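Student: Provided below are the primary sequence and the corresponding predicted coordinates.
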Amino acid sequence: MTAGDRALGFVEDGQTVGLGTGRAASAFIELLGLRVKAGLRIRAVPTSERTAVLAKKLGIPLVPLAEAGTLDVCLDGADEVDPQLDLIKGYGGALVREKIVAASAQKLVILVGPEKLVPRLGARGSLPVEVVPFGLTLATQRLRGLGCEPRLRMDGGAPYVTDNGNHILDCGIRPLEDAARFENELRAIPGLVGSGLFLGMADVVIVENAGQVEVRRRPAT
């Protein structure tokens, strides 16, 4: 059994499902497409144009988030997962839409490999943030003031552009002592649309390691 196979157990007939962006999410979407072809009836909300193209190719019915309302479940990958199931996401460039769709879902299920498990968020040294183009200079200055090393993400010879028409600053960071406080500091920066910190959002993390699948659930509070 793969993480994708296990994740399929969280999808039921008649549900509205959020579909993530990235390698792990795409692998799951491929499996989900086979289930839809076999008769599973769902509607899906994609977190990126790339995901929408893949889902359409596989025959998965799509619906706008505004029409879908509350989703039953969202399934996505992550770039870091700490022991409390807090996340860093956004290496794939869809962090803001991923966070909106995840927040619209009753349950967020994350699929990762063991290399994504970290003792503390920031261990891999990078945190993406999405910034409106007009605010890049200010955001860069403020991020440096917070101890970050912001680098404008490029796509060939031009700045990377998100599906929202914004840019991404990949912030060099150290492991975060207080991720919640740091997230609040990021939110206070004018023009910064959102960060890759997904705190208190994941309900389930499915870890696939050498053919073994482990299901971790958020600790009770």
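Tutor: Perfect, I can see it now.

Student: hang on, isn't Ala68 packed against Ile42?
Tutor: No - judged on C-beta atoms under 8 Å, Ala68 makes no contact with Ile42 at a distance of 11.0 Å. All C-beta atoms are positioned from the backbone trio N, CA, C, and that covers glycine.

Student: between the two, which contacts overlap?
Tutor: Thr16 (C-beta atoms under 8 Å, 6 or more residues apart in numbering).

Student: any idea how far the spatially closest residue to Asp72 that is not a sequence neighbour is from Gln141?
Tutor: Once flanking residues are discounted, Asp72 sits nearest to Gln15: 3.9 Å by C-beta to C-beta, 6 or more residues apart in numbering. Separation of Gln15 from Gln141 (C-beta to C-beta, to the nearest Å) stands at 44 Å.

Student: more neighbours: which of the two?
Tutor: Set Gln15 next to Gln141 and count neighbours by other C-beta atoms under 10 Å: Gln15 wins out with 16 against 11.

Student: contacts only, for that one.
Tutor: Applying C-beta under 8 Å, 6+ apart to Gln15 gives the contacts Ile42, Arg43, Leu71, Asp72, Val73.

Student: most neighbours, which of those residues?
Tutor: Counting by other C-beta under 10 Å, top hit in the contacts of Gln15: Leu71 with 24 neighbours.

Student: which residues does that residue contact?
Tutor: Leu71 is in contact with Gln15, Thr16, Val17, Gly18, Val45, Val101, Ser104, Ala105, Gln106, counting by C-beta under 8 Å, 6+ apart.
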